[in-house]
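Chemist: what's the 3D shape of this:
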Amino acid sequence: MDLSVDCLACMLNKTMARLVRIQDEHTRACINEVLTFLSQVPPGVSGPRAAQQMNTIIARYYPEQTDYRAIKRHFNALLLSWKPDLERAVQSAPDPLVAALRYALVGNYIDFGAMAHVDEQMITRLVEQAAERPLDEAELAHFRAELGPGKTVAFLHDNCGEIVLDTLLIDQLRRLGCRVVSVVRGQEVINDVTREDAEQVGLTDFIDNGNGVAGTDPALLSPACRALLTQSDFILSKGQGNFETLYGCGWNVYYLFLCKCDYFTRRFGMERLKGVFANERRLAL
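Modeler: Numbering: from 1, shown residues only. Got it, this is the predicted structure:
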């Protein structure tokens, strides 16, 4: 998905707010270089890829970047403490697969890239109300038809904490006979999940994608990750960043995320923090 004007303006506003707080002898030069870069972003570059390149520029002037690792450990531990109760809720639900999909969906709220503030009370409320989340029935029927013994699913994770709720869905997919291989980021980027997070929450069958973009950019994938995505029966993609980098790829991708910004709410015609569950090959925007 190309970098939209909305996304470009959002990136610029966030960057300017960050640099204005610093205001030292390097600030003007850094701003000038960022503005030059943003004015020259070519077509075909996604928002997450552009953000990575812009952050590389900023890091040359200000090497000290925000360290999210303690935040990530906190949210992973918090959601792990909820997991036994949530597992029981999934198993007792009329449709455990749908219940797990709903929990995985609301976990996408824990996003320090798209959200100005991540409120623990909000994620608590979203989890408590997950059973009320509507999911597209037609898409659910297509999704169920994909499942079964011997099927391979590439599960693209997004954020810390959220990954714990993803494991509820992974368990259901495996109960149906699917082999699920998780994909995490290859480098630290905001609060996105990496190998360290996967290990903390107990995932065992996972690989990283070989790069530090806050998404899944096909052009940057490691050979092992590309092979997994192209050879899987389908891909389950969590989060806006994965959607932004994958939409238009033509692969059999099921997207699952919350709309967390004005551009996405307009594009999908829904309110903020409402959920999308849609397939790449049937989604026309």
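
Chemist: show me where this structure has helices.
Modeler: All helices of the chain, identified by DSSP state H, fall at 5-22, 27-39, 47-61, 69-92, 96-106, 120-128, 137-146, 162-175, 195-200, 223-231, 240-246, 262-268.

Chemist: residues making contact with the fifth one?
Modeler: Outside of helix 96-106, the residues within contact range by CB atoms under 8 Å, 6 or more residues apart in numbering are 86, 89-90, 93, 123, 126-127, 129-131, 133, 135, 140, 144, 162, 165-166, 168-169, 171-172, 175-176, 238, 256-258, 275, 277. To be clear about C-beta, it is placed using only N, CA and C from the backbone, and glycine gets the same treatment.

Chemist: the third one now?
Modeler: By CB under 8 Å, 6+ apart, the surrounding residues in contact with helix 47-61 are 1, 3-4, 7-8, 11, 15, 18-19, 26-27, 29-30, 33-34, 37-38, 41, 65, 113, 189, 212-215, 217, 220, 241, 244-245.

Chemist: please list only the buried members of the residues you listed.
Modeler: Buried residues within these, counting neighbours by 16 or more other CB atoms under 10 Å: 1, 3, 7, 11, 15, 19, 30, 34, 38, 41, 113, 189, 212-215, 217, 220, 241, 244-245.

Chemist: contact partners for Val41?
Modeler: Val41 is in contact with 3, 8, 50, counting by CB under 8 Å, 6+ apart.

Chemist: and these, which is the shakiest by pLDDT?
Modeler: pLDDT is lowest at Leu3 among those; the value there is 81.

Chemist: show me the contacts for that residue.
Modeler: Counting by CB under 8 Å, 6+ apart, Leu3 has contacts 41, 45-47, 50.

Chemist: picking that back up, just the buried subset of the contacts of helix 96-106, written out for PyMOL, thanks.
Modeler: Selecting the buried subset of these in PyMOL, with 16+ other CB under 10 Å as the burial test, is done by:
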select buried, resi 86+89+90+123+126+127+130+133+135+162+165+166+168+169+172+238+256+257+258+275+277
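
Chemist: beta partners for the spatially closest residue to Ser232 that is not a sequence neighbour?
Modeler: Nearest non-adjacent residue to Ser232, counting by CB to CB, 6 or more residues apart in numbering: Ala154, 4.2 Å away. For Ala154, the beta-bridge partners are Val181, Ile235 (DSSP bridges).

Chemist: sorry, back to before: would TSV of the contacts of Leu3 with distance to His74 be doable?
Modeler: Shown next, in TSV, are those (distance: CB to CB, whole Å):
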residue	distance to His74
Val41	34
Val45	33
Ser46	29
Gly47	27
Ala50	29
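
Chemist: what subset of these is buried?
Modeler: By 16+ other CB under 10 Å, the contacts of Leu3 give 41, 45-47, 50 as buried.

Chemist: of these, closest to Asn108?
Modeler: Gly47 (16.2 Å; CB to CB).

Chemist: give me the pLDDT for the closest residue to that closest one other than its chain neighbours.
Modeler: Of all residues not flanking Gly47 in the chain, Cys7 sits nearest, at 4.2 Å (CB to CB, 6+ apart). With respect to pLDDT, Cys7 has a value of 87.

Chemist: how close does Gln121 get to Lys83?
Modeler: In this view, Gln121 and Lys83 are 19 Å apart by CB to CB, to the nearest Å.

Chemist: the more surrounded of these two?
Modeler: When neighbours are counted by other CB atoms under 10 Å, Gln121 and Lys83 differ, and Lys83 comes out ahead with 16 against 7.

Chemist: can you give me the distance of that one to Tyr68?
Modeler: 21 Å.

Chemist: can you pull the pLDDT of Ala278?
Modeler: For Ala278, pLDDT reads 96.

Chemist: burial of it, as a residue count?
Modeler: Neighbours of Ala278 (other CB under 10 Å): 21.

Chemist: nearest residue to it in space, please, no chain neighbours.
Modeler: Of all residues not flanking Ala278 in the chain, Tyr255 sits nearest, at 5.3 Å (CB to CB, 6+ apart).

Chemist: so Glu10 sits against Phe264, correct?
Modeler: In this structure residue 10 is Cys, not Glu. No. Between Cys10 and Phe264 there is no contact, the gap being 10.9 Å when judged by CB atoms under 8 Å.
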